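1. Okay, structure incoming, though there's no sequence with it:
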């Protein structure tokens, strides 16, 4: 079982990685993925959902 602190740290690291990725994407518009936008948006959605769950999960009561 992941502790509250580990969950928050993992979510924070994921958030920092997302911010770094966004900054890279904005500064390098010539880069792209080899698959369709639907796949890309699905990956973004799963990543965001996972990050939100890790942020919110420690606040749930037993």
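-> Cool, the structure landed. The shown structure was predicted, so the numbers you read here are calculated from the model rather than taken from an experiment.

2. Let me know the next secondary structure element after the host helix or strand of residue 17.
-> Element membership for residue 17 (DSSP states H and E) is helix 4-27. Remark: after helix 4-27, the chain's next helix or strand is helix 37-56, criterion DSSP H and E.

3. Let me see the residues that make contact with that next one.
-> Applying CB atoms under 8 Å, 6 or more residues apart in numbering, the contact partners of helix 37-56 are 7, 8, 10, 11, 14, 15, 18, 33. C-beta: built from backbone N, CA, C; applies to glycine.

4. can we see that at 7 Å?
-> 7, 8, 10, 11, 14, 15, 33 (CB atoms under 7 Å, 6 or more residues apart in numbering).

5. again, but for stretch 14-30
-> Counting by CB under 7 Å, 6+ apart, residue 51 sit against stretch 14-30.

6. so where's the chain shaky on pLDDT?
-> Within the chain, the stretches with pLDDT under 70 are 1-2, 60-62.

7. Quickly check the contacts of helix 37-56 for the two that are furthest apart.
-> 8 and 33 (29.6 Å; CB to CB).

8. Pick out whichever of the two has more residues nearby.
-> residue 8 (16 against 9; other CB atoms under 10 Å).

9. Name all residues that make contact with that one.
-> Counting by CB under 7 Å, 6+ apart, residue 8 has contacts 55, 58.

10. just residue 10 next, same as before
-> Contacts of residue 10 (CB under 7 Å, 6+ apart): residue 54.

11. ok, now how distant is it from residue 54?
-> 5 Å (CB to CB, to the nearest Å).

12. same deal with residue 40?
-> For residue 40, the distance to residue 54 - CB to CB - is 22 Å.

13. coming back round to it: distance to residue 25 for the contacts of helix 37-56 - can I get that in TSV?
-> Shown next, in TSV, are those (distance: CB to CB, whole Å):
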residue	distance to residue 25
7	27
8	26
10	22
11	21
14	16
15	16
33	10
